[in-house]
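>>> coordinates for the following, if possible.
(chains A and B)
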Number of protein chains: 2
Amino acid sequence: MQLHGYFRSSAAYRVRIVANLKGIDLDQLAVNLVKGEQRSDTYLARNPQGLVPTLVTDDGHQLTQSLAICEYLEECYPTPAILPSDAVGRARVRALAQLIACEMHPLNNLRVLKHLTGEMGLSDDARLAWYRHWVASGFDSLEVMLNDGYSGKFCHGDTPTLADACLVPQVFNAQRFDCDLSDYPRIQAITERARALQAFASAAPGEQADAV
Amino acid sequence: MQLHGYFRSSAAYRVRIVANLKGIDLDQLAVNLVKGEQRSDTYLARNPQGLVPTLVTDDGHQLTQSLAICEYLEECYPTPAILPSDAVGRARVRALAQLIACEMHPLNNLRVLKHLTGEMGLSDDARLAWYRHWVASGFDSLEVMLNDGYSGKFCHGDTPTLADACLVPQVFNAQRFDCDLSDYPRIQAITERARALQAFASAAPGEQADAV
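Reported below is the predicted structural model:
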């Protein structure tokens, strides 16, 4: 399978983590978002949104949206599982993942930040304040939700799930923008434990072939 | 089961559609977002994000994030299915749903619009331009993705899925903001077909007890 991604993309980073956890060998192809390669006709034919990642299956299906791709990998390669075995647990893990993937990341990804300083004419300072506002808003809630009795060494229990695969890239991003994470001891502890695992470490942006 | 929602919330609207499609009778409780009831201590104890919806299961589990709730309903009440039976089809439906739920709606929901004119100090005109920009960006892509051979009467095949449960509320919202939808004949045709179904019609904001 081919993964079209970008080293610094949170969404591609999630898929790399999940593939690593499951021992799936992906053929990785770089789409340089800073150079605008995601707007090329070739890439738009794969992914009409012009976003990364895109997963191309061995039989040529082109799958988009990182959480949908992760669920596809979970269905095709069920072991080790990245979702719990009970329906309520799966709902909790998906909700934690979506808190990040729906409520934090879409507000702070590259196209939105560019729009703020481009079409909207805002300053770099205003853009940074925007970024930090949505990180704080999301992590304030997540820190509380990680204290509901279901978290263990990781976001849900003691093994990594889809929620951790979303959390670690979001923390990486927050640290790039120098967000203060001192109010989030649970988020920090889980992130450190996850980063110590090879599946997470080798998925990190700095470890990718297209890293600059 | 109890659904804590708000008549005009897209995310609650999605869950109402899915519950109706499956014939699940939900006890609906209104959280007035305009009055700020989502920030009350009582509600934050249910949903630390202060967002709607929250589903409270019969055994007291409190589930958040609309797509996670819809997947939970699919798992507990599998018939009629809102996801296809094949893994690639499920990936496609989830991707269409996430295009809306991750890339459109989070940029344009009430808390973000308030932040733009509040903390960011933007004008109402700038807020409207922002709104329409992300609707156009999302629907431009979605219209293309609905022409890949897998759509039929609905977003995926000829029966409603999770993708349609996300599309109809997003179109409702776009129409509230007078977005021009004339470039999206597939989106419009699918929306009209879905709205004609009782499950979608009775989930519409205007039909809810808390509608004003």
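>>> domain map for chain A?
Following the assignment in automatic domain parsing, chain A carries domains at A:2-80, A:87-200.
>>> the last one and chain B, are they touching?
Right, the one you point to is domain A:87-200. Yes: for domain A:87-200 and chain B, the contact criterion (C-beta under 8 Å from any C-beta of the partner chain) is met by A:87-88, A:90-92, A:94-95, A:98-99, A:101-103, A:105-107, A:112, A:115, A:119-120, A:122, A:126, A:129-130, A:133, A:141, A:144-145. C-beta here means a position set from N, CA and C on the backbone, and glycine is covered the same way.
>>> now the buried members of these.
A:87-88, A:90-92, A:94-95, A:98-99, A:101-103, A:105-107, A:112, A:115, A:120, A:122, A:126, A:130, A:133, A:141, A:145 (16 or more other C-beta atoms under 10 Å in any protein chain shown).
>>> the residues you listed in helices, which ones?
Members of these lying in helices (criterion: DSSP state H): A:87-88, A:90-92, A:94-95, A:98-99, A:101-103, A:105-107, A:112, A:115, A:126, A:130, A:133, A:141, A:145.
>>> where do the helices of chain A begin and end?
Secondary structure of chain A, counting by DSSP H: helices at A:10-21, A:41-46, A:66-76, A:87-103, A:105-108, A:110-117, A:124-145, A:162-176, A:185-195, A:198-201.
>>> how about low-confidence regions in chain A?
For chain A, no stretch has pLDDT under 70.
>>> list the contacts of the residue lying closest to A:His105 once chain neighbours are set aside.
Of all residues not flanking A:His105 in the chain, A:Ser10 sits nearest, at 5.4 Å (C-beta to C-beta, 6 or more residues apart in numbering or on different chains). A:Ser10 is in contact with A:His105, A:Asn109, A:Pro169, A:Gln170, A:Phe172, A:Asn173, counting by C-beta atoms under 8 Å, 6 or more residues apart in numbering or on different chains.
>>> so what's the residue count around the nearest residue to A:Ser202 once chain neighbours are set aside?
Leaving out its chain neighbours, the residue that sits closest to A:Ser202 by C-beta to C-beta, 6+ apart is A:Asn20, at 5.9 Å. Counted with other C-beta atoms under 10 Å in any protein chain shown, residues neighbouring A:Asn20 total 19.
>>> so how far is A:Asp27 from A:Asn20?
Computed as C-beta to C-beta, to the nearest Å, the A:Asn20 to A:Asp27 distance reads 14 Å.
>>> any idea how far stretch A:140-153 is from the chain center?
18 Å (C-alpha atoms, centre = their mean, to the nearest Å).
>>> ok, now stretch A:144-157?
The chain centre lies 19 Å from the centre of stretch A:144-157; the measure is C-alpha atoms, centre = their mean.
>>> just the CA atoms of it, as CSV, please.
Output of stretch A:144-157 as CSV, limited to C-alpha atoms (Å, rounded to 0.1, in the frame of the first residue of the first chain):
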residue,chain,number,x,y,z
VAL,A,144,-10.5,16.3,32.1
MET,A,145,-11.7,13.5,29.9
LEU,A,146,-8.5,11.5,30.6
ASN,A,147,-9.5,11.5,34.3
ASP,A,148,-12.8,9.6,34.0
GLY,A,149,-11.4,6.3,35.1
TYR,A,150,-10.8,4.7,31.7
SER,A,151,-7.3,5.9,31.0
GLY,A,152,-4.3,4.0,32.2
LYS,A,153,-0.8,4.1,30.8
PHE,A,154,-2.4,5.4,27.6
CYS,A,155,-5.6,7.3,26.7
HIS,A,156,-7.7,4.2,27.1
GLY,A,157,-6.3,1.5,29.3
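>>> hmm, who's touching that stretch?
With C-beta under 8 Å, 6+ apart, stretch A:144-157 has contacts from A:84, A:89, A:92-93, A:95-96, A:99, A:158-161, A:163-164, A:167, A:186-187, A:190, A:193-194, B:48-49, B:64.
>>> how about 7 Å then?
A:84, A:89, A:92-93, A:96, A:158, A:160-161, A:163-164, A:167, A:186-187, A:190, A:193-194, B:48 (C-beta atoms under 7 Å, 6 or more residues apart in numbering or on different chains).
>>> and the residues you listed, which of them are buried?
A:84, A:89, A:92-93, A:96, A:160-161, A:163-164, A:167, A:186-187, A:190, A:193-194, B:48.
>>> out of the helices of chain A, nearest to B:Gly5?
B:Gly5 lies closest, by C-beta to C-beta, to one member of the helices of chain A: helix A:87-103, at 15.4 Å.
>>> which elements pack onto the closest one?
helix A:66-76, helix A:124-145, helix A:162-176, strand B:62-64, helix B:66-76, helix B:87-103 (3 or more C-beta pairs under 7 Å, 6 or more residues apart in numbering or on different chains; DSSP states H and E).
>>> distance check, A:Arg127 against B:Gln28.
39 Å.
>>> for A:Val171, same thing?
Applying C-beta to C-beta to A:Val171 and B:Gln28 gives a distance of 36 Å.
>>> repeat that for A:Thr57.
40 Å.
>>> what is the burial count for A:Tyr43?
Applying other C-beta under 10 Å, we find 19 residues neighbouring A:Tyr43.
>>> surely A:Gln65 and B:Gln98 touch.
Yes: here A:Gln65 reaches B:Gln98: they are 4.2 Å apart, a contact under C-beta atoms under 7 Å.
>>> neighbours around A:Ile17, how many?
Quick note: A:Ile17 (other C-beta under 10 Å) scores 28 neighbours.
>>> list the contacts for it?
Listed by C-beta under 7 Å, 6+ apart, the contact partners of A:Ile17 are A:Ala165, A:Val168, A:Ala199, A:Phe200, A:Ala203.
>>> the same query, at a cut-off of 6 Å, please.
Counting by C-beta atoms under 6 Å, 6 or more residues apart in numbering or on different chains, A:Ile17 touches A:Ala165, A:Phe200, A:Ala203.
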